[in-house]
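Colleague: Got a predicted model here, sequence first, then my questions.
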Amino acid sequence: MKRVHNFSAGPSMLPLEVLEKAQAELPNYKDSGMSVMELSHRSGLFTDIITEAESLLRELMNIPDNYKVLFVQGGASQQFAAVPLNLKKNGKADYVNTGSWSKKAMKEAKKFIEVNEIASSEDENFTYIPKVNTSIIDSEADYVHITTNNTIEGTAFQEIPDTGNVPLVADMSSNILSEEIDVSKFGVIYAGAQKNIGPAGLTVVIVRDDLVGNASEQCPTMLDYQTHSESGSLYNTPPTYGVYMAKLVFEWLKELGGLKEMQARNEKQAALLYDYVAQSSFYASPVKEDSRSIMNIPFVIPNRDLDGEFVKAAQAEGLETLKGHRSVGGMRASFYNAMPVEGVEDLITFMKKFEKEHQ
């Protein structure tokens, strides 16, 4: 069986153990004579799947009892609208602009609420994370919004900002489950599944109880957090197979030792590449050292004309999807949870070879 090292920013690679278990259960789940894809979302078998998925996620992230866990659709991009529609009180919110996804979140929110950009790193092409503290936050803001990890720019918040009594909302799509976090510091966490949770199509929303049930009148039923909270994420047919795959990933993470172990592994793997780039005279990191992501690592070479050759040669070695985002250029290696250390080591071996051939 041919398997490559997939460095895609998303959809990303999934753990091989998870894929193999899903493969074995695909035609006949628990002797039901049906695939999970064929199960009724009202059936006892699927109720067990979604209940266990939530329980595992709560355990992995140590989610307090006063938070709801919702499994919804629409991706993180749909939450750009759902957040202001559910949290709107005074009609204004503070946003931290750290890149492409922050800008999209702000653009969507402006349709429903006054958006105040309280901090930005656009002045240096989003190569760092700006400082955020209570002194720049409007105490009457309905919430403060951040993107904890920026897939395109390769930056990440190293510390969760203190927003005082204003709820902190985080798009955590690309680094959820990659490290330990204190959920109690957030009002809302949302994440598309296609990075560290499972296949595209599922979205996870973790929302504090007091922020549920306050949706504005213009909020569509399917975007209202109360709709999904009251129905146990079963108001309509959820992405059933996506929930099942997420459950398998959560089981895999638990077997590995949970998020503490995952964080140590991720930090070690990211350090391998960052350290190699730092000592190289051929490659360079465009990101400020104190803002670097351990999930998405962009790097550049002096002769941009070689970018295409690098990507093509890497593919020949089984190293896929290393082309940087079109808005940034260069290369980008995404080390999501499923990336084995062998993938990182093989990438560095190739980079050394390419450097030697083009110095």
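Modeller: Looks like it arrived, so ask away.
Colleague: Check this structure for its longest helix and report it.
Modeller: helix 258-279 (DSSP state H).
Colleague: so what does that helix touch, helix or strand wise?
Modeller: Secondary-structure packing of helix 258-279 (3 or more C-beta pairs under 8 Å, 6 or more residues apart in numbering; DSSP states H and E): helix 44-61, helix 240-256, strand 296-299, helix 341-358. In this view, the C-beta of every residue, glycine as well, is placed from N, C-alpha and C.
Colleague: tell me which residues in the first one are buried?
Modeller: If I follow you right, that is helix 44-61. Within helix 44-61, the residues that count as buried by 16 or more other C-beta atoms under 10 Å are 46, 49-50, 53-54, 56-58, 60-61.
Colleague: for stretch 352-359, same thing?
Modeller: For stretch 352-359, burial by neighbour count (16+ other C-beta under 10 Å) applies to 354-355.
Colleague: With just CA atoms, put it into PDB.
Modeller: Below are the C-alpha coordinates for stretch 352-359, written out as PDB (Å, rounded to 0.1, in the frame of the first residue of the first chain):
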ATOM      1  CA  LYS A 352      19.300  19.000   2.800                       C
ATOM      2  CA  LYS A 353      19.700  17.300  -0.600                       C
ATOM      3  CA  PHE A 354      17.900  20.100  -2.500                       C
ATOM      4  CA  GLU A 355      20.000  22.700  -0.700                       C
ATOM      5  CA  LYS A 356      23.200  20.900  -1.600                       C
ATOM      6  CA  GLU A 357      22.200  20.600  -5.300                       C
ATOM      7  CA  HIS A 358      21.200  24.300  -5.600                       C
ATOM      8  CA  GLN A 359      23.800  26.200  -3.500                       C
END
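Colleague: just how off-centre is that stretch within its chain?
Modeller: 33 Å (C-alpha atoms, centre = their mean, to the nearest Å).
Colleague: Name the surrounding residues that touch it.
Modeller: Identification of contacts with stretch 352-359 by C-beta atoms under 8 Å, 6 or more residues apart in numbering yields 276, 280, 282-283, 301, 303, 306, 310, 313-314.
Colleague: change it to 10 Å
Modeller: For stretch 352-359, the surrounding residues in contact (C-beta atoms under 10 Å, 6 or more residues apart in numbering) are 276, 280-283, 301-303, 306, 309-310, 313-314, 317.
Colleague: picking that back up, I'd like the helices and strands packed on helix 258-279 as JSON lines, with distance to residue 30 and mean pLDDT appended.
Modeller: Shown next, in JSON lines, are the helices and strands packed on helix 258-279 (distance: least, C-beta to C-beta, whole Å; pLDDT from 0 to 100):
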{"stretch": "helix 44-61", "distance to residue 30": "6", "mean pLDDT": "98"}
{"stretch": "helix 240-256", "distance to residue 30": "11", "mean pLDDT": "98"}
{"stretch": "strand 296-299", "distance to residue 30": "37", "mean pLDDT": "98"}
{"stretch": "helix 341-358", "distance to residue 30": "33", "mean pLDDT": "97"}
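Colleague: for the chain, what spans make up the strands?
Modeller: 5-6, 67-72, 92-97, 114-120, 144-147, 149-150, 155-156, 168-171, 188-192, 203-208, 296-299, 319-320, 331-334 (DSSP state E).
Colleague: in its sheet, what does the first one sit against?
Modeller: Looking at strand 5-6 with DSSP bridges, its partner strands are strand 319-320 (parallel).
Colleague: One more: the fourth one?
Modeller: With DSSP bridges as the criterion, the sheet partners recorded for strand 114-120 are strand 92-97 (parallel).
Colleague: any idea of the mean pLDDT for the partner strand?
Modeller: What strand 92-97 shows for mean pLDDT is 98.
Colleague: Put the alpha carbons of that strand into PDB.
Modeller: Once non-C-alpha atoms are left out, strand 92-97 reads as follows in PDB (Å, rounded to 0.1, in the frame of the first residue of the first chain):
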ATOM      1  CA  LYS A  92     -20.200  45.700  18.900                       C
ATOM      2  CA  ALA A  93     -17.200  43.300  19.100                       C
ATOM      3  CA  ASP A  94     -13.400  43.500  19.200                       C
ATOM      4  CA  TYR A  95     -11.400  41.600  16.700                       C
ATOM      5  CA  VAL A  96      -7.700  40.800  16.500                       C
ATOM      6  CA  ASN A  97      -6.500  40.700  12.900                       C
END
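Colleague: still on that earlier bit, show me which residues of the longest helix of the chain are buried.
Modeller: So helix 258-279, judged by 16+ other C-beta under 10 Å, has buried residues 258-259, 262-263, 265-266, 269-270, 273-274, 276-277.
Colleague: Quick one: end-to-end length of stretch 250-264, please.
Modeller: 17 Å (C-alpha to C-alpha, to the nearest Å).
Colleague: can you give me how far that stretch is from the chain middle?
Modeller: Distance of stretch 250-264 from the chain centroid (C-alpha atoms, centre = their mean) equals 16 Å.
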